[in-house]
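**Student:** test case, fold it:
(one chain, ligands or ions: 1)
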Amino acid sequence: MKILCINPPSVPSYFNAGHHLPVFLVAAYLRQRGNEVDAHDFGALNGTWRDVCGLLVKGYDAIAIMNDYDGVDGLERFLNYVKELSPNSKTITFGRGSHQVPRFFERFGFDSIAYSGDYESAVSAYIEHLQTGGPAPGTLLKTLTGYSAQDIGRWLEPQEWSLPDIKDIPYSAYERLYLDDLNKFCGIPLRSELVVPVARGCPIGCAFCDVPAQQGLRERRLPVARVLEYINACYATRPFDYVSIYAPTFTLKRQWVLDYCSALSKQADIKWKCVTTVSHLDEELITCMAAAGCFRVSVGVETTTPAAVDTLPAAKRRGNARLTEVADWCKTAGIELNCFVMIGMPGESIVEAAAGIAHLLSEGHRVRPTVYTPYDRMSQNMTLQEYAMFNRQLMCHSGVDMPERTQGYSLLYANSLDRATQVMHRIPIRKSST
Ligand code: SF4
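**Tutor:** Sure thing, here's the model as predicted:
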């Protein structure tokens, strides 16, 4: 089948190239099953509706449209273009939004909505359904009387994953979005990033996190050899300066990380960064990671206020003493500690959150604040405007009163306490060999 896999144009509130990978993962998976697939991410200020029209006139059999917490305001417009320019195309939407609140997406009129299992398996099941008329696990299918839920979808095992084709990915656009570090996006300014989707799923169980709903509680991870093979193949094609390991809790599997570091140390210097928790780090591991090229570790600190720390799962309740220990090990190893914190958490006032951020900054760490967002309060009956409030930028759901919210927004967006990272100076620029 001839398929378009697309993230329609939108102005991002937050940007993380890793969160856009599903477009390319789905495309790679469908190609491996013999389909002819075009893949486009227009969610990085890099595409116009004219560009979309240029694609739609090619006439696709099916169009797989990524959705997220952000950017849903463009979906109706996109579907209007499809109706006009490619009326015979069947449409399916997939992504974090439709896995969280699938029936919210019924209002747009997609032919199908992916709601469970991995995005690739649900979209692929729908494509096979179009070809054979068989079931489409993991999706809702539009019928004459409404949407009918198919069986739940499948989590793919790592050996079934198809990794993105980097020729599809608009790296220049991504790099432009990463230029101003005070936007608190996590790419490194002035350096070229290769995102490698290493693992999916997380068993830790933070109530505010959507990873379990999107990827499951069981962690699934590629073998070290496949990760290195992919990195080397991509580095041979484009002069990436560093690797961003995309895994919810990278050091969850300690031995895997040691094996990865050992294998990486045997080849040309590759710089990389990752995300984990302070409970899954120790001095030996950090030293080993630094020796293998790690320059930044991001940790989900979330809060430093004791009453709010008590609301976190055990693995994140190690407290400020543990954070200080990990910070010291990182400092000694020459790794930048990037602290993810949330504003508007239950049990923490904005003043306390501000004090926590000021403390982390005074210790020399980078801080990435976002808004505490209770995804469990999303519902299928929300308006588009209500849905858009769950994009981790606004505090409407926090129960925090307006004067305090104003202080919170100042903390999030005025940058008055903050400074930009200088970590790029630890990452040499690789030159193109051509
Ligand atoms: S540790 Fe991280 S990925 Fe895992 S549930 Fe908590 S926030 Fe989500």
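**Student:** buried stuff in stretch 402-412?
**Tutor:** 404-405, 407-409, 411-412 (16 or more other C-beta atoms under 10 Å). Backbone N, C-alpha and C define where each C-beta goes, glycine included.
**Student:** so where's the stretch 201-350 of the chain uncertain?
**Tutor:** Confidence mapping of the stretch 201-350 of the chain against pLDDT under 70 gives zero matching residues.
**Student:** which bits of it sit near the ligand?
**Tutor:** Proximity of the stretch 201-350 of the chain to the ligand (C-beta under 6 Å from any ligand atom) is limited to residues 202, 204-206, 209, 211, 248-249, 277, 300.
**Student:** just put these in TSV and tack on distance to Leu361.
**Tutor:** As requested, those are exported to TSV (distance: C-beta to C-beta, whole Å):
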residue	distance to Leu361
Cys202	27
Ile204	26
Gly205	29
Cys206	23
Cys209	24
Val211	27
Pro248	25
Thr249	24
Thr277	20
Gly300	17
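**Student:** the residues you listed in helices, which ones?
**Tutor:** Counting by DSSP state H, these place Val211 in helices.
**Student:** turn the residues of the stretch 201-350 of the chain next to the ligand into TSV, columns for neighbour count and distance to Ala333.
**Tutor:** Below are those laid out as TSV (neighbours: other C-beta atoms under 10 Å; distance: C-beta to C-beta, whole Å):
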residue	neighbour count	distance to Ala333
Cys202	22	25
Ile204	21	24
Gly205	14	29
Cys206	17	26
Cys209	17	27
Val211	19	27
Pro248	22	23
Thr249	22	19
Thr277	27	17
Gly300	22	20
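**Student:** pick out the most distant pair among the buried residues of stretch 402-412.
**Tutor:** Maximum pairwise distance among the buried residues of stretch 402-412 (C-beta to C-beta): 12.7 Å, between Glu404 and Leu412.
**Student:** and Pro313, how many neighbours?
**Tutor:** The number of residues packed near Pro313 is 14, by other C-beta atoms under 10 Å.
**Student:** that one against Pro203, yeah?
**Tutor:** No - using C-beta atoms under 8 Å, Pro313 is not in contact with Pro203, being 9.7 Å away.
**Student:** tell me where the stretch 251-400 of the chain has helices.
**Tutor:** 254-265, 283-291, 306-309, 319-333, 350-362, 384-388 (DSSP state H, counting those that start in this stretch).
**Student:** related to what we said a few turns ago, which one of the buried residues of stretch 402-412 is nearest to the ligand?
**Tutor:** The ligand has its nearest neighbour among the buried residues of stretch 402-412 in Leu412, at 18.6 Å by C-beta to the nearest ligand atom.
**Student:** what helix or strand does that closest one sit in?
**Tutor:** helix 402-413 (DSSP states H and E).
**Student:** point out the other helices and strands that that helix packs with.
**Tutor:** Secondary-structure packing of helix 402-413 (3 or more C-beta pairs under 8 Å, 6 or more residues apart in numbering; DSSP states H and E): strand 336-343, helix 350-362, strand 366-371.
**Student:** rerun that using 7 Å as the cut-off
**Tutor:** strand 336-343, helix 350-362 (3 or more C-beta pairs under 7 Å, 6 or more residues apart in numbering; DSSP states H and E).
**Student:** and those as a markdown table, adding mean neighbour count and distance to Asp68?
**Tutor:** Shown next, in a markdown table, are the helices and strands packed on helix 402-413 (neighbours: other C-beta atoms under 10 Å; distance: least, C-beta to C-beta, whole Å):
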| stretch | mean neighbour count | distance to Asp68 |
| --- | --- | --- |
| strand 336-343 | 22 | 18 |
| helix 350-362 | 18 | 25 |
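**Student:** output the ones you listed in TSV; the columns should cover distance to Phe78.
**Tutor:** Shown next, in TSV, are the helices and strands packed on helix 402-413 (distance: least, C-beta to C-beta, whole Å):
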stretch	distance to Phe78
strand 336-343	31
helix 350-362	37
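**Student:** pretty sure Thr91 is touching Asp61, no?
**Tutor:** No - contact criterion C-beta atoms under 7 Å: Thr91 and Asp61 do not qualify, at 10.9 Å.
**Student:** more crowded one of these two?
**Tutor:** Neighbour count, other C-beta under 10 Å: between Thr91 and Asp61, Thr91 has more, with 23 against 17.
**Student:** about what we covered before: mind putting the helices of the stretch 251-400 of the chain into JSON lines with distance to Ile65?
**Tutor:** Formatted as JSON lines, those follow (distance: least, C-beta to C-beta, whole Å):
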{"stretch": "helix 254-265", "distance to Ile65": "34"}
{"stretch": "helix 283-291", "distance to Ile65": "38"}
{"stretch": "helix 306-309", "distance to Ile65": "37"}
{"stretch": "helix 319-333", "distance to Ile65": "40"}
{"stretch": "helix 350-362", "distance to Ile65": "36"}
{"stretch": "helix 384-388", "distance to Ile65": "16"}
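**Student:** how about the residues of the stretch 51-200 of the chain by the ligand?
**Tutor:** Residues of the stretch 51-200 of the chain lying near the ligand (C-beta under 6 Å from any ligand atom): none found.
**Student:** could you point out where the stretch 51-200 of the chain is predicted with low confidence?
**Tutor:** Scanning the stretch 51-200 of the chain for pLDDT under 70 picks out nothing.
**Student:** tell me where the stretch 1-150 of the chain has strands.
**Tutor:** Remark: strands assigned in the stretch 1-150 of the chain by DSSP state E, counting those that start in this stretch are 2-7, 36-41, 62-67, 90-95, 112-114, 139-143, 146-149.
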